[in-house]
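Would you be able to build a 3D model of this:
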Amino acid sequence: MEFNSFQKEYFEAINGAFSKVTEREHFDSQITLTDIEAELVIEYFGNKDIQVGNVSGNVDLSKKEFLLYPNFKSIFLNVVYPKVNKRELRLYLSATKGFKPLANDIWFIYKNKQNQLVVGALTETEWNNIQLDDIASPEKPKTGLKIFNITNDLVIKGKVSLGEANYRYALDHIYPLIDRFEAQRRMLDNKFYDRLERDILKGCLMPPITLAFVDGKTPILTIQDMQEYIMENMNFGYVLDGIQRLNTLFRASKHSNFDDNKPIFLNVIISDNKDKLLYRMITLNNGQKSMTPRHQIEMLTQELFDFEELTNIKFQTEKEKSDKPVHGAFSYGDISKGYIAFLTDNVHNENSKIIEEKMDQILVGRLLDTNLESFNIQFFDVIQLIDDVCSNKIVQEWLQVSNNLIGFCAGIKSSFNFIESTPLEDIQRAFETFDKAFKAVNPSKVNVGKYRRELSSIFIKNADETFLMNEDDLIERFSEITS
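You can find the predicted model right below:
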């Protein structure tokens, strides 16, 4: 995160940046420089004078001089582009040279007023203490928003805060967020919320609203950081819980006796990826019949993922496919089924023989049992991989079979790196072999869709083995599984 005006003044810096050291960075003794951190280093040393490749390739070029805070002693640390494409700039830590911050310390880098580059580190407590003078007073600021605390959610590995605004701020800045979802849950029968509307006009305090943001890059370490982040990024927020209450508040605001200075309390969640945000949304909204878990997932699939950056594939809703179909487009419905399979590691999340409400309860149970920390990839990584391999039309046609796509999404976590590095012609050959082998399954004896989901999932999950099999070997494997 870039230094604010207070930090620049405190360190007497022209510009600077800071972030929290992760356990992995401390263990590996290296930090990947991003954004302002990288800009400072590149501008100071010059892009052409930074080693490309391993340190051992050019020890002298890798070695860069810094001043070490707080004594400003000169030290030399290695800075390299480890890969030829220069997309990643890496700073190596060294205890022997005096700079190896501990995990959870705040490390910082800045250019001082003498145009020298300074690095240093403080504990999180020390870092927070130097900023006390810059934190807003306990009185409610003019913005109508005040954040009281900040802590960590260890399940979703996110930041959580409690805050307060007033009804006017909520109507001006939070209420518009409910229109971000094209498939937004419809307003329930007004009669259901008539009592709350009357109570608001009498002066009741509404239950807290839950806001969420998706951001895995911005370091948010202090109360001030959280408050500034929310104010600057409110337009990108999501209302995870409280949509109906906000609608009711809006209706109440039309009355002449409405008090827009009444306080409203907020829960704020910042998660580093959309899958974890979905998990939290399910836990907050489970039990509300107005939006089923499937509806929530389908809505988030459309709204949270940026499909515009994909190059080879398009997505359409069922209505769009009916009104104006795009040849080769994937269905949002199918990709949301793939998302569910990805999250649950299960290809059987629909069953017409089970009452829908009971099936939803089963689905919620599977989602809540999900161990998000075991995921090495996010679902959008899967979507981008699908987009990449769909430059091959035969591969695209295979993935556009709904049951193949579901199986692919369920099995991909185990084989993502392998398939990502596999040449397209080999993927095409493997998919063609799968289809030939699948014809050996007797359709009069089994549920073909069910078995296609199961077998494609196993096929993808074990791709490092199954992609190398010929038709007969694969038929034998299918026989073992289906017997």
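
Now whatever helix or strand residue 32 lives in: buried residues?
If you go by DSSP states H and E, residue 32 is part of strand 30-33. Buried residues in strand 30-33, defined by neighbour count with 16 or more other C-beta atoms under 10 Å: 31, 33. The C-beta positions use only the backbone N, C-alpha and C, and glycine is treated the same way.

which strands and helices sit next to it?
If you count contacts as 3 or more C-beta pairs under 8 Å, 6 or more residues apart in numbering; DSSP states H and E, strand 30-33 packs onto strand 89-92.

thinking again about what came up before, which residues are in contact with the strand holding residue 32?
Here strand 30-33 makes contact (C-beta atoms under 8 Å, 6 or more residues apart in numbering) with 21, 25, 41, 88-93, 107.

Buried among the residues you listed? Make that a ChimeraX selection.
In ChimeraX syntax, the buried subset of the contacts of strand 30-33 is picked out as below (16+ other C-beta under 10 Å):
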select :21,25,41,89,90,91,92,93,107
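
how close does the residue nearest the centre of the chain get to residue 217?
The residue lying closest to the centre of the chain (C-alpha atoms, centre = their mean) is residue 273, at 1.3 Å. Relative to residue 217, residue 273 is positioned 11 Å away (C-beta to C-beta, to the nearest Å).

ok, now residue 174?
23 Å.

And these two? Which one has more around it.
residue 174 (21 against 9; other C-beta atoms under 10 Å).

For my notes, confirm that one occurs in a strand.
No - Residue 174 sits outside any strand when classified using DSSP: H, G, I helix; E, B strand; the rest coil, being helix.

That one contacts residue 167, correct?
No - the pair residue 174 / residue 167 is not scored as a contact, 10.0 Å apart, by C-beta atoms under 8 Å.

Which per-residue confidence value corresponds to residue 75?
Note on residue 75: pLDDT of 92.

Can you report how many residues lie near it?
By the measure other C-beta under 10 Å, the count of residues near residue 75 is 14.

Would you confirm that it belongs to a strand?
Yes - the assignment for residue 75 is a strand, going by three-state DSSP.

Okay, and the beta partners of it?
Using DSSP bridges, the beta-bridge partners of residue 75 come out as residue 66.

I'd like the distance between it and residue 468.
Look at residue 75 and residue 468: by C-beta to C-beta, they are 51 Å apart.

could you point out where the stretch 351-483 of the chain is predicted with low confidence?
By pLDDT under 70, the weakly predicted segments of the stretch 351-483 of the chain are 351-357, 359-364, 366-374.

Which stretches in it count as strands?
Using DSSP state E, counting those that start in this stretch, no strands are found in the stretch 351-483 of the chain.

quick one on the thing from earlier: quick one: contacts for the residue nearest to the centre of the chain?
214, 216, 378.

Can I get the residues you listed in CSV including distance to residue 335 and neighbour count?
Below are the contacts of residue 273 laid out as CSV (distance: C-beta to C-beta, whole Å; neighbours: other C-beta atoms under 10 Å):
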residue, distance to residue 335, neighbour count
214, 18, 18
216, 22, 13
378, 14, 18
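
Narrow those residues to those in helices?
Among the contacts of residue 273, DSSP state H puts none in helices.

Now do the strands for the stretch 101-250 of the chain: every range, in order, please.
Here the stretch 101-250 of the chain has its strands, by DSSP E, counting those that start in this stretch, at 106-112, 117-122, 146-147, 151-153, 158-166, 209-214, 238-241.
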